[in-house]
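Asker: Provide a 3D model corresponding to the input given below.
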Amino acid sequence: MPALKDVFNAPDREQAENRLEAMILRLQNSSPELADWLEENAPEALSVFSFPEAHRRRIKSTNSLERLNEEIRRRTRVIRIFPNRQSCIRMITALCLEKDEEWTTGKIYLNMELLTKSNNTIDAYNNNNRIDNDITEHIRIAG
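Answerer: Residues are numbered from 1 along each chain as shown. Got it, this is the predicted structure:
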């Protein structure tokens, strides 16, 4: 659905919400059930716009999970028959730990310094506007 892709390719959340509303209005006549479902559920998916742009490109797709699953499939095909369930779980866990180490030390998948900068921006905004700290913590957790 090109219109949905257009929503998630918006430069910011406000434009994404506007594009989503326009798409829902277009779908009201042809697919009212889909329009209702989108109106109810799609705003949660827009939480991706709470992250820095560099993170959004990676978060909005499942490419990394698909690559990990493919690597697990490839390795399990080589072994073919595991002696027991625990040996299979150990191998998959080792693959996941390997990927985690690669993302953490080598090829950094998500630069967490960008999130720290985002939180500093939120803190500066809150200090200027005197927003309650409980709300700030909720914003950080909810994304």
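Asker: now for this protein, which residue lies nearest the mean position of the chain?
Answerer: I59 (3.3 Å; Cα atoms, centre = their mean).
Asker: May I ask you to name the longest helix in this structure?
Answerer: As assigned by DSSP state H, the longest helix anywhere in the chain is helix 85-105.
Asker: Now do it, average pLDDT.
Answerer: For helix 85-105, mean pLDDT rounds to 87.
Asker: Can I get it in PDB, CA atoms only?
Answerer: C-alpha atoms of helix 85-105 as PDB (Å, rounded to 0.1, in the frame of the first residue of the first chain):
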ATOM      1  CA  ARG A  85      16.400 -29.300  22.600                       C
ATOM      2  CA  GLN A  86      19.000 -27.700  24.900                       C
ATOM      3  CA  SER A  87      21.700 -28.100  22.300                       C
ATOM      4  CA  CYS A  88      19.600 -26.200  19.700                       C
ATOM      5  CA  ILE A  89      18.800 -23.500  22.200                       C
ATOM      6  CA  ARG A  90      22.500 -23.100  23.100                       C
ATOM      7  CA  MET A  91      23.400 -22.700  19.500                       C
ATOM      8  CA  ILE A  92      20.700 -20.100  18.800                       C
ATOM      9  CA  THR A  93      21.700 -18.300  22.000                       C
ATOM     10  CA  ALA A  94      25.300 -18.200  20.900                       C
ATOM     11  CA  LEU A  95      24.300 -16.700  17.600                       C
ATOM     12  CA  CYS A  96      22.200 -14.100  19.300                       C
ATOM     13  CA  LEU A  97      25.000 -13.200  21.700                       C
ATOM     14  CA  GLU A  98      27.400 -13.000  18.700                       C
ATOM     15  CA  LYS A  99      25.100 -10.600  16.900                       C
ATOM     16  CA  ASP A 100      24.700  -8.500  20.100                       C
ATOM     17  CA  GLU A 101      28.500  -8.300  20.500                       C
ATOM     18  CA  GLU A 102      28.800  -7.300  16.800                       C
ATOM     19  CA  TRP A 103      26.200  -4.500  17.200                       C
ATOM     20  CA  THR A 104      27.600  -3.300  20.500                       C
ATOM     21  CA  THR A 105      31.400  -3.200  19.700                       C
END
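Asker: Perfect, that will be all.
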